[in-house]
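Q: Following is a predicted model, sequence given first.
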Amino acid sequence: TQLLEQSPQFLSIQEGENLTVYCNSSSVFSSLQWYRQEPGEGPVLLVTVVTGGEVKKLKRLTFQFGDARKDSSLHITAAQPGDTGLYLCAGHYSGAGSYQLTFGKGTKLSVIP
Amino acid sequence: DAGVTQSPTHLIKTRGQQVTLRCSPKSGHDTVSWYQQALGQGPQFIFQYYEEEERQRGNFPDRFSGHQFPNYSSELNVNALLLGDSALYLCASSLTGLQQYFGPGTRLTVT
């Protein structure tokens, strides 16, 4: 069974602070996605990374894929209350038939005004 | 351009009953995946449909079954409902299977 671990599980910060969320696995990903989910709604795709060492930016969010494609991080600069939500990483593992997305448990972020 | 749609939004069933959930994929997408998300957990993969066939299945019992129609829409059926089946059921569509776009989900409560 392939496990995908996210840390921290919970994060409460003040508006304007920076934060980093981590996603780790012992297996290699063929691709990895980051999603943001609001309570009672479906996850919204933020980014897809495919190449080891890849860095992508989405406004104040920076996503990095590890060189070995086993880990990823999400960094938010100057967090705002609108960033509050559940951040999920999900990966496709390398290998035949790996069509499923394996999700971590998520990081629940609260940004306090 | 409509995104992924799911129906119904909420559903309450009794133990032992059967339920059918529906999903229409994003325009242009041909692959549909179903996930179960329990409270406080990440989504768990149930199965994926492509070309009207189940292409891959997660670790779920045979009580969970599905179907994909020629127009790419899909149904998830759950038989003999258990209390533990209470969850948010998410449908995701994709073209290549790589980037999956999720619908708003169906909240199923089993009493």
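A: Everything's here; your move. Numbering: from 1, shown residues only, chains lettered A, B, ... in the order given.
Q: where does chain B dip in pLDDT?
A: For chain B, the stretches flagged by pLDDT under 70 are B:1, B:97.
Q: How about the residues of it by chain A?
A: Residues of chain B found near chain A (CB under 8 Å from any CB of the partner chain) are B:4, B:31, B:33, B:35, B:40-45, B:48, B:50, B:55-56, B:58, B:88, B:90, B:92, B:97-105, B:107. In this view, the C-beta of every residue, glycine as well, is placed from N, C-alpha and C.
Q: Please name the spatially closest residue to the residue nearest to the spatial centre of chain B (chain neighbours excluded).
A: Nearest residue to the geometric centre of chain B (CA atoms, centre = their mean): residue B:34, 3.4 Å. Of all residues beyond its chain neighbours, the one nearest residue B:34 is residue B:46 (4.3 Å), with distances taken as CB to CB, 6 or more residues apart in numbering or on different chains.
Q: can I assume that neighbour is in contact with residue B:32?
A: No: if you go by CB atoms under 8 Å, residue B:46 and residue B:32 don't touch, sitting 10.9 Å apart.
Q: So between those two, which is more surrounded?
A: In this comparison of residue B:46 against residue B:32, neighbours counted by other CB atoms under 10 Å in any protein chain shown, the higher total goes to residue B:32 at 29 against 22.
Q: now the more buried one: how far from chain A?
A: Counting by CB to the nearest CB, to the nearest Å, the gap from residue B:32 to chain A is 11 Å.
Q: Send me the helix or strand containing that residue as PDB with only the CA atoms.
A: With elements taken from DSSP states H and E, the one containing residue B:32 is strand B:31-37. In PDB, the C-alpha atoms belonging to strand B:31-37 read as follows (Å, rounded to 0.1, in the frame of the first residue of the first chain):
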ATOM      1  CA  THR B  31     -12.700   9.500 -18.000                       C
ATOM      2  CA  VAL B  32     -14.600   9.500 -14.800                       C
ATOM      3  CA  SER B  33     -13.300   8.500 -11.300                       C
ATOM      4  CA  TRP B  34     -15.200   8.100  -8.100                       C
ATOM      5  CA  TYR B  35     -13.800   8.800  -4.600                       C
ATOM      6  CA  GLN B  36     -15.100   8.500  -1.100                       C
ATOM      7  CA  GLN B  37     -14.200  11.100   1.500                       C
END
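Q: Show residues contacting it.
A: Outside strand B:31-37, the residues that touch it by CB atoms under 8 Å, 6 or more residues apart in numbering or on different chains are A:99-101, A:103, B:23, B:25, B:43-50, B:55, B:60, B:66, B:68, B:72-74, B:76, B:87-97, B:100, B:102, B:105.
Q: Many thanks, I have nothing further to ask.
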